[in-house]
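Engineer: My questions are about this predicted structure, shown below with the sequence.
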Amino acid sequence: MSDYSLKTIMNKPERLAPGHRMCAGCGATIAVRAVLRALHEGDRAVIGNATGCLEVSSYMYPYTAWEDSYIHNAFENAGATLSGVETAYKVLKKKGRIPKEETFKFITFGGDGGTYDIGFQSLSGAMERNHDMVYVCYDNGAYMNTGIQRSSATPMYADTTTTPVGKKSVGKMQNRKDLSSIIADHDVPYVAQTTLTSNFEDIHRKSEKAIYTEGASFLNIMTPCPRGWRYETPEIMKICKLAVETCYWPLFEVDHGKWILSYEPKKKLPIEEFLRVQGRFKHLFKKGNEDLIVQFQAEVDRRWEELLYKCARG
């Protein structure tokens with residue numbers, strides 16, 4: 001197993017160059033850097049990227065922040081594009097057009113809009129065909145690049161520009177989609193859910209496992225957005241920790257069909273601890289909205305118990 005000490009991780013070469021235009025305090029950039037640090041020295045990668053915050057901020061033609069080969073594709077095509085590149089690579093290697101000693105890994109990134117929603121069809125197809133690739137969703141819970149519109153990853157009662165809070169509205173009315181479980185039902189070799197925890201061990205371990213597991217892998221990474229979630233930029237790690245400790249965003253993996261809980265809080269915190277630090281939920285703490293928090297808590301509890309059951313069953 002690799003050494004996951006912070007010193008070792010941080011000393012690895014960066015594959016996403018500084019100078020891009022992502023917002024200060026954005027979780028997506030931190031997640032991308034963490035995933036790419038899991039690549040072994042000497043291994044090369046082909047990076048795919050669906051249209052979104054990450055693409056428009058890291059690729060300004062003719063300049064790119066990516067150190068590896070990089071493909072920007074349409075919003076809906078991230079899964080299809082990299083699955084095609086991976087297939088072409090296998091064919092060229094079989095024909096001797098690519099030296100046997102050269103190793104390439106195929107990793108594609110998409111936000112929740114391009115993954116949960118618009119890109120789900122091509123993602124589902126790539127997973128079902130079991131291409132040797134990793135799809136990474138940086139889940140910031142809305143269409144942030146185009147103005148903070150709700151997506152199917154947006155949590156219930158969140159205030160967005162298409163689910164605005166007002167006299168007769170309390171935000172988005174639907175629960176967020178559980179995409180990690182949906183992809184696990186595709187029977188792919190590896191699925192993992194993670195976020196930016198304090199020592200980065202969880203995200204690095206799962207990223208390495210995803211990259212070096214043969215076949216299709218899926219990483220779902222919660223990446224807070226300071227503009228959409230409305231928090232002070234230094235608070236990002238606190239928010240990620242609260243997401244885990246309240247079990248809003250549990251850490252788990254599904255390794256060849258076996259469900260494994262990565263972390264169980266010693267004392268599960270109430271969901272209001274996570275909601276209170278985000279401006280998109282401030283309306284929930286106004287008088288008369290107490291029942292909304294109770295309903296939110298009930299849904300978190302239901303999903304947590306369901307996950308515990310799956311992991312206990314193995």
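Structural biologist: Alright, I've got the coordinates.

Engineer: And the strands in the stretch 101-250 of the chain?
Structural biologist: Using DSSP state E, counting those that start in this stretch, the strands of the stretch 101-250 of the chain run over 104-111, 134-139, 165-166, 169-170, 190-195, 217-222.

Engineer: Save the ones you listed as JSON lines, and put in mean pLDDT, distance to G52 and mean neighbour count too.
Structural biologist: Bear in mind the C-beta positions are built from the backbone N, C-alpha and C, glycine included. Output for the strands of the stretch 101-250 of the chain, formatted as JSON lines (pLDDT from 0 to 100; distance: least, C-beta to C-beta, whole Å; neighbours: other C-beta atoms under 10 Å):
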{"stretch": "strand 104-111", "mean pLDDT": "97", "distance to G52": "4", "mean neighbour count": "26"}
{"stretch": "strand 134-139", "mean pLDDT": "98", "distance to G52": "8", "mean neighbour count": "28"}
{"stretch": "strand 165-166", "mean pLDDT": "96", "distance to G52": "25", "mean neighbour count": "14"}
{"stretch": "strand 169-170", "mean pLDDT": "96", "distance to G52": "26", "mean neighbour count": "15"}
{"stretch": "strand 190-195", "mean pLDDT": "98", "distance to G52": "18", "mean neighbour count": "27"}
{"stretch": "strand 217-222", "mean pLDDT": "98", "distance to G52": "14", "mean neighbour count": "27"}
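
Engineer: Including distance to A80, could these go into CSV?
Structural biologist: Below are these laid out as CSV (distance: least, C-beta to C-beta, whole Å):
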stretch, distance to A80
strand 104-111, 10
strand 134-139, 11
strand 165-166, 37
strand 169-170, 36
strand 190-195, 19
strand 217-222, 15
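
Engineer: Tell me which of those sits nearest to S58.
Structural biologist: strand 104-111 (9.6 Å; C-beta to C-beta).

Engineer: Please list all residues in contact with M222.
Structural biologist: Contact partners of M222, counting by C-beta atoms under 8 Å, 6 or more residues apart in numbering, are 27, 139-140, 193-196, 240, 243, 249.

Engineer: Can you tell me the closest non-neighbouring residue to it?
Structural biologist: Leaving aside its chain neighbours, M222 sits nearest to T195 (4.1 Å; criterion: C-beta to C-beta, 6 or more residues apart in numbering).

Engineer: That neighbour and V56, how far apart?
Structural biologist: 23 Å (C-beta to C-beta, to the nearest Å).

Engineer: what's the closest of the contacts of M222 to R44?
Structural biologist: With C-beta to C-beta as the yardstick, the closest approach to R44 among the contacts of M222 comes from T194, at 24.1 Å.

Engineer: Could you find the closest non-adjacent residue to that closest one?
Structural biologist: In space, T194 is closest to I203, 4.7 Å off (C-beta to C-beta, 6+ apart).

Engineer: who touches that neighbour in this structure?
Structural biologist: 31, 34-35, 194-197, 221.

Engineer: quick one, what contacts the spatially closest residue to S169 that is not a sequence neighbour?
Structural biologist: The spatially closest residue to S169, leaving aside those adjacent along the chain, is T163, at 7.1 Å (C-beta to C-beta, 6+ apart). By C-beta under 8 Å, 6+ apart, the residues touching T163 are 150, 154, 169, 171-173.

Engineer: Check T115 too.
Structural biologist: 50, 78, 123, 135, 137, 139, 179.

Engineer: The same query, at a cut-off of 10 Å, please.
Structural biologist: Neighbour list for T115: 50, 52, 78-79, 108-109, 122-123, 135-139, 151-153, 179, 183, 218, 220 [criterion: C-beta atoms under 10 Å, 6 or more residues apart in numbering].

Engineer: Same check on K100?
Structural biologist: Counting by C-beta under 10 Å, 6+ apart, K100 has contacts K93.

Engineer: hang on, it is in a strand, isn't it?
Structural biologist: No - with DSSP: H, G, I helix; E, B strand; the rest coil as the criterion, K100 is assigned coil and is not in a strand.

Engineer: send the alpha carbons of stretch 193-210 over as PDB?
Structural biologist: Extracted C-alpha coordinates of stretch 193-210, given in PDB (Å, rounded to 0.1, in the frame of the first residue of the first chain):
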ATOM      1  CA  GLN A 193     -17.500   8.400  -2.300                       C
ATOM      2  CA  THR A 194     -15.100  10.800  -0.600                       C
ATOM      3  CA  THR A 195     -14.400  14.500   0.100                       C
ATOM      4  CA  LEU A 196     -11.700  16.800   1.400                       C
ATOM      5  CA  THR A 197     -11.000  15.400   4.800                       C
ATOM      6  CA  SER A 198      -8.300  16.900   7.000                       C
ATOM      7  CA  ASN A 199      -5.300  14.600   6.100                       C
ATOM      8  CA  PHE A 200      -6.400  13.700   2.600                       C
ATOM      9  CA  GLU A 201      -5.700  10.000   3.200                       C
ATOM     10  CA  ASP A 202      -9.200   8.900   2.200                       C
ATOM     11  CA  ILE A 203      -9.300  10.800  -1.100                       C
ATOM     12  CA  HIS A 204      -5.800   9.700  -2.100                       C
ATOM     13  CA  ARG A 205      -6.300   6.100  -1.100                       C
ATOM     14  CA  LYS A 206      -9.500   5.800  -3.100                       C
ATOM     15  CA  SER A 207      -8.100   7.700  -6.100                       C
ATOM     16  CA  GLU A 208      -5.100   5.400  -6.300                       C
ATOM     17  CA  LYS A 209      -7.400   2.400  -6.000                       C
ATOM     18  CA  ALA A 210      -9.700   3.700  -8.700                       C
END
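
Engineer: Perfect, that will be all.
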